[in-house]
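> Provide a 3D model corresponding to the input given below.
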Amino acid sequence: QVPFGEAWHVREWLRIVGGVKKPPSEHPKRPVLGLACRRAEVSGARFWGLVRTLCPDPHLFFRHCFVHNHCPLLFLASSGRNLPPNELPPAQRDQLMGLCDRALARTVGLLGVGLVVGIGRYAERRARRALAAAGL
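The predicted model follows:
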């Protein structure tokens, strides 16, 4: 998964090529197209567009930055609508967010990160909570 998935930026700016395998049980209303996807993903287009504007060379950006998606999973309702984690049943959501918090803290620790930037209020709150719980 590419955090803030936006196929155009992945293909054209990051110059990533290759195939993307389909999951064993693909949602019929949301086929996995991989890098062939022509649909824009709004938050990804905003995020990567800003990064590209600030740092036109992706090699330079990634020499100093690491992008981590707090919850890199996609949940879909039966209708095909994106089901954000806050709409999951509370027990499942709490368990999932705990795992995601620990993964973030572990990533920050392993990489020796000095600065974490949460994109959006929710991401900032989760990062603060996760890092405080880990003593980082």
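> Would you mind listing where the protein has pLDDT under the threshold?
Per-residue confidence of the chain (counting by pLDDT under 70) places the weak regions at 1-4.
> By residue count, what's the longest helix in it?
Looking across the chain with DSSP state H, the single longest helix is helix 90-111.
> Next, the buried residues of the helix or strand harbouring residue 60.
Using DSSP states H and E, residue 60 falls within helix 58-64. Within helix 58-64, the residues scored as buried using 16 or more other Cβ atoms under 10 Å are 58, 61. For the C-beta atoms, the positions are set from N, CA and C on the backbone; glycine is no exception.
> Return the alpha-carbon coordinates of whichever helix or strand comes after the longest helix of the chain using PDB.
Per DSSP H and E, the first helix or strand lying C-terminal to helix 90-111 is helix 121-133. In PDB, the C-alpha atoms belonging to helix 121-133 read as follows (Å, rounded to 0.1, in the frame of the first residue of the first chain):
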ATOM      1  CA  ARG A 121      -6.500  16.700  13.600                       C
ATOM      2  CA  TYR A 122      -7.400  13.000  14.000                       C
ATOM      3  CA  ALA A 123      -3.900  11.900  12.800                       C
ATOM      4  CA  GLU A 124      -2.300  14.400  15.200                       C
ATOM      5  CA  ARG A 125      -4.300  13.200  18.200                       C
ATOM      6  CA  ARG A 126      -3.600   9.500  17.400                       C
ATOM      7  CA  ALA A 127       0.100  10.200  17.000                       C
ATOM      8  CA  ARG A 128       0.300  12.100  20.200                       C
ATOM      9  CA  ARG A 129      -1.600   9.400  22.100                       C
ATOM     10  CA  ALA A 130       0.500   6.600  20.500                       C
ATOM     11  CA  LEU A 131       3.900   8.200  21.100                       C
ATOM     12  CA  ALA A 132       3.000   9.300  24.700                       C
ATOM     13  CA  ALA A 133       1.900   5.700  25.500                       C
END
